[in-house]
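make a model of this:
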Amino acid sequence: MKRLRGIALGCLLAVSSAAAAAHTSPPAGQPAIWRTYDMDVDLQNLPRTYTCDQLWYVFHGILLRLGVPIASLNVLPYRCSTSPTGDLRSPHVQVSFRMPAVVTGAAVKWSELSAVRRLVLIRPGEPKRLEAGDCRLLRQIRETLLASLPVQVVHSSLRCGAGAPFSVTVRTWVAAAG
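Here you go, the predicted model:
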């Protein structure tokens, strides 16, 4: 009887170890290629004036959070203020970058990298230069930039009232480490 319990306990430990290993191992990557994006983001009637530097940091930070390689990232804000006291509230931001695009079937032979899915949270402080008063800016970024990318908006809380918390969570493909 003791021997039978020992065997059962050993089997149980082996199964639980295998299950734990399955949960801790990194997800399998999917074959992917680099897809290039060149976009103009037209922002309209923002509630405050943004300097070109502020817009550069916000867009740069969001795209880095989405897994865009820094070497491929170019952000060029224009029609924005050079100082916070300017009055240009409808700036434009030109962005160019690369993101992984998963390939299947015969296209797998052109694969350049392995990509994995990742959840990305965008909210004040993430990226660093996105501030508590930037809700309407993030709403427009969601409606323009994010809507044009192969990302899935999983959750969005963009009630832009005084002091209301806001965030957007997206699922995106990123280059697998290694």
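
rest of the way, CA atoms for contacts and neighbours
Noted.

show me the strands in the protein, by range?
Using DSSP state E, the strands of the chain run over 30-42, 74-78, 92-102, 113-122, 152-157, 167-175.

mind checking those strands for the one nearest to Leu145?
strand 30-42 (6.5 Å; C-alpha to C-alpha).

tell me the average confidence for that closest one?
The pLDDT scores in strand 30-42 average 96.

got any ranges where this protein has weak pLDDT?
Across the chain, the ranges flagged by pLDDT under 70 are 1-27, 82-87, 178.

middle-most residue in it, spatially?
In the chain, the residue lying closest to the centroid (C-alpha atoms, centre = their mean) is Leu66, at 2.5 Å.

wait, doesn't it sit right on Thr172?
Yes: with contact defined as C-alpha atoms under 8 Å, Leu66 reaches Thr172; the gap is 6.7 Å.

pull up the overlap in contacts between these two.
Val120 (C-alpha atoms under 8 Å, 6 or more residues apart in numbering).

output the strands of the chain as TSV; include the columns distance to Leu145.
Below are the strands of the chain laid out as TSV (distance: least, C-alpha to C-alpha, whole Å):
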stretch	distance to Leu145
strand 30-42	7
strand 74-78	12
strand 92-102	9
strand 113-122	13
strand 152-157	12
strand 167-175	12
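
now Leu113, nearest residue through space, not along the chain?
Excluding its sequence neighbours, the residue lying closest to Leu113 (C-alpha to C-alpha, 6 or more residues apart in numbering) is Ala32, at 5.3 Å.

what pairs with Gln94 across the strands?
In this entry, Gln94 is beta-bridged to Asp40, Leu76, by DSSP bridges.

how many neighbours does Gly161 have?
Counted with other C-alpha atoms under 10 Å, the neighbours of Gly161 add up to 11.

and it, how close does it get to Ala71?
Computed as C-alpha to C-alpha, to the nearest Å, the Gly161 to Ala71 distance reads 37 Å.
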